[in-house]
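Colleague: take this sequence and fold it.
(chains A and B)
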Amino acid sequence: MADNIASGDDASRGEHDPVTGRSTTGHDWDGLKELNTPLPKWWFWTFVATVVWGIGYAVVYPSVPWINSYYPGLIGYSQRATVTADVQKLATQRAEVMTKLNAVPLAEVKQDDALYAVAMAAGRLAFAENCQACHGAGGQGRPGFPALAGDAWIWGGSLDAIRQTVTYGIRSPHPDARISQMPRFGADAILTPAEIGQVTDFVMTLYDPAAPAGAGAADGAKVFEENCAACHGEKGEGMREVGAPALRSSVHLYGDTREAVRAQIATPKQGVMPNWNTRLDEATIRAVTLYVHGLGGGE
Amino acid sequence: MVRKPPASAAKPAEKAGEVQLYADRVRVYPRAVQGIARNVKWAILILCLVVYYVTPWIRWDRGPGRPDQAVLLDMAHERFYIFGATFWPEDIYYLTGALILAAVSLFLVTSLAGRVWCGYACPQTVWTDLFMWVERLVEGDRNARMRRDRGANSFDKAWRKLVKHGAWMLIAFWTGGAWIMYYVDAPTVTVQFWTGTASMEVYFFTALFTVLTYVLAGWAREQVCTYMCPWPRFQASMLDEQSVIVTYQKWRGEPRGHGKRTDDSQLGDCIDCKACVHVCPTGIDIREGAQLGCINCGLCVDACNEIMTRTGRPKWLILWDTLARQEAKAGQETDARRNGARDEAIRLLRPRTLIYVSALVIASAAMGTALAMRSLIGLSVQHDRAPLFVKVRDGSIRNAYAVKVSNKTSEPARFTLALADLPGAGLPGAGMVLADDTEHRTSELVLAVAADSIGTFRVLVYGHPAGQADGSQKLGFTLRNMATGEATAVASVFMGPVR
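Modeller: The predicted model follows:
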């Protein structure tokens, strides 16, 4: 090493600096000379050792990239293989918990903290993948798609009711689907346009005490009693057995303006919720049920 | 400044006209010495070792289910226990404060008295000193060791080396083992260690610190100070001509030389016996003045005092003094010195030390205040972002919050969570089943949190539609520990529809 660095002018070798009396390295930069401050040999050998270690490391572990692949190293270590193994292990673990989730009655899951935590996590993910597109993030809902975080349930907000809705859907092709049919009072000429106007005025007074009583509200009450109360209840409290929404509630699936209410009486929209039993397994449906129930409006 | 390469090693090379860019290590064989510096060094060494080895075994009752080790840095459970105090990860700035205090204290001490930390209390010095003591017990003092090392291999040499390294390894192992005990329960890990049930980490770190102790204190020694440690490089900026450091009184000692002191010999008090060099743990010659290799331990002071006593000269040829005083003395006439001319005063108060002291006072005050006012309660409130708000059947607006309550006390505690700033806002109270059950809305929730842990709650807040302004409004949360009365508050928002 010394040979390489101190090569060149032989006369400069072993030169001494007159001021300090120390030897110089023989390097000369425009008359400035570097004093020789020898490095300890152990330091040099430590450096050599790290280089040797580095070479060994490169031989044992994956190191050199080829064009389409890479040198895999002597022991064939691969982070991808490690991850695959970890994922496999996790799947086995999860299978265990999901089996347990199937066995425990829904209402009792909450008492098992660990199981409930897993169910909520699995439910959140399944919800994000399958439900969020219509019902919004966090069950926010939007016109035509009920808010699940709220407390207005058309078919019921208990654990079992939610599970049934998720499993079989609403107006889905499944034979066990929840079915309700709002008559098309306008399109099928069951009521005259005047009667529809009157009952619209009446329905608005059910949920908005401050609403300016429309001209037909009084007549509308009679129309309501004859045509609507059978399903929606005498006071508009709704009937979950037949999926008739509470009209007294402040929450309205298709909007609470006069036009929206009138349109829903004359030519009602009827949404469809798919039956998820063909896409999700039983345990996942249970997890989603628990998640939806826990959003804030579960009964 | 690095020591010059040894004369013996450099000379043949120079003759051959070669520049040696790598130097052999000069082995240091420190000689035993007695005296005041040595006694102080022993006392501090024993104190440091006792504190280090004994601390993990001190017990401290923190109640059931919590560790009873007085000093425990529990990484696995994210808690630092130091006697009565428990630190959580977010308290890490106390560590910053402690490090600032340590650094400024080091600066102050160094500017006052030089590198006394290096000479007396640095672990490298303490363990090296301990290892040298063992070495001396087994292999004898400097001369015996040098003779044996130079001599041929023999049974005597073999068993002494074997015993020495064995003893070193034992001490190193004890040191490495004690290190682990600061991180896991000492009695438990001791049993686990010897029954083979401790974790891999325990074995790994014990082995690591055993090897490091053995190598650093047994083999590397002064090389750590001169080549590895950054402190000697910049401690020079703490020192000035008023720092009291180990100093050779050149004016008194020079010209050095052997032989009788007669009136016309002109020789100084230094008889050039090299006792100061032989006792030095870093192998330097203090007579060359303050230098990077000097750790200010003062063993040369003791060595020289022995010699001065023997030669009948006044002691303290090497002593603790400032450069300024030495310069003044060197400038005085011999007669003036003999007649006891006034020495220049030692100036402890100077801008540098005053700045360090004030930094120390400020940092201590800040740390003390922070520790004294350390809150044992913590509240974090995060407004749900999806959905921002929900309309419920009775027309109220409901917002949801992820609330985290930290209970840093050692008792399970009940907290009251109350709302502020938003008139008419309500929390779902006990017995509330349905969301539109307005009768059971309350203004205060009671949350239970286990000792020394964080409770996570999803809190729903209802706002009355009448009191509902557009968009977002301020909503405060106040949290109070029902047992201690300690309280804290955070500000959040209540969101609603924009009309």
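Colleague: from here on, contacts and neighbour counts on C-alpha atoms
Modeller: Fine.
Colleague: what helices or strands is the lengthiest helix in chain B leaning on?
Modeller: In chain B, assigned by DSSP state H, the helix with the most residues is helix B:155-180. Contacts defined by 3 or more C-alpha pairs under 8 Å, 6 or more residues apart in numbering or on different chains; DSSP states H and E place helix B:155-180 against helix B:36-54, helix B:123-139, helix B:200-213.
Colleague: mean confidence for that helix?
Modeller: Taken as a whole, helix B:155-180 has a mean pLDDT of 95.
Colleague: check which residues of that helix are buried.
Modeller: B:160, B:164-165, B:167-169, B:171-180 (16 or more other C-alpha atoms under 10 Å in any protein chain shown).
Colleague: between it and helix B:123-139, how big is the angle?
Modeller: 150 degrees (axes from the mean of the first three to the mean of the last three C-alpha atoms, to 10 degrees).
Colleague: just the angle for helix B:155-180 relative to helix B:36-54, thanks.
Modeller: Interaxial angle, helix B:155-180 versus helix B:36-54 (the same axes, to 10 degrees): 60 degrees.
Colleague: angle of helix B:155-180 against helix B:200-213?
Modeller: 130 degrees.
Colleague: ok, and for the helix or strand just after helix B:155-180, which residues are buried?
Modeller: Downstream of helix B:155-180, the first helix or strand assigned by DSSP states H and E is helix B:186-195. Neighbour counts over helix B:186-195 (16+ other C-alpha under 10 Å) mark B:186, B:189-190, B:193 as buried.
Colleague: which two of those have the greatest separation?
Modeller: The two members of the buried residues of helix B:186-195 with the most space between them (C-alpha to C-alpha) are B:Ala186 and B:Phe193, at 10.3 Å.
Colleague: tell me which of the buried residues of helix B:155-180 is nearest to chain A?
Modeller: Using C-alpha to the nearest C-alpha, B:His165 is the member of these that sits closest to chain A, with 20.0 Å.
Colleague: who's in contact with that closest one?
Modeller: By C-alpha atoms under 8 Å, 6 or more residues apart in numbering or on different chains, no residues touch B:His165.
Colleague: most tightly packed of the helices and strands packed on helix B:155-180?
Modeller: Neighbour counts (mean count of other C-alpha atoms under 10 Å in any protein chain shown) averaged over each of those peak at helix B:123-139, with a mean of 20.
Colleague: if we can go back for a sec, in a markdown table, list the helices and strands packed on helix B:155-180 along with mean pLDDT.
Modeller: Formatted as a markdown table, the helices and strands packed on helix B:155-180 follow (pLDDT from 0 to 100):
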| stretch | mean pLDDT |
| --- | --- |
| helix B:36-54 | 96 |
| helix B:123-139 | 96 |
| helix B:200-213 | 96 |
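Colleague: now those helices in TSV, with distance to A:Pro193?
Modeller: Listed next are the helices and strands packed on helix B:155-180 as TSV, based on distance: least, C-alpha to C-alpha, whole Å:
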stretch	distance to A:Pro193
helix B:36-54	93
helix B:123-139	96
helix B:200-213	81
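Colleague: and the ones you listed: which comes nearest chain A?
Modeller: Chain A lies closest to helix B:200-213 among these, at 14.8 Å (C-alpha to the nearest C-alpha).
Colleague: for the following helix or strand past the closest one, what is the average pLDDT?
Modeller: Counting by DSSP H and E, the element after helix B:200-213 in chain order, helix or strand, is helix B:222-223. The average pLDDT for helix B:222-223 rounds to 92.
Colleague: circling back to that earlier point, how far does the longest helix of chain B sit from the chain's center?
Modeller: 26 Å (C-alpha atoms, centre = their mean, to the nearest Å).
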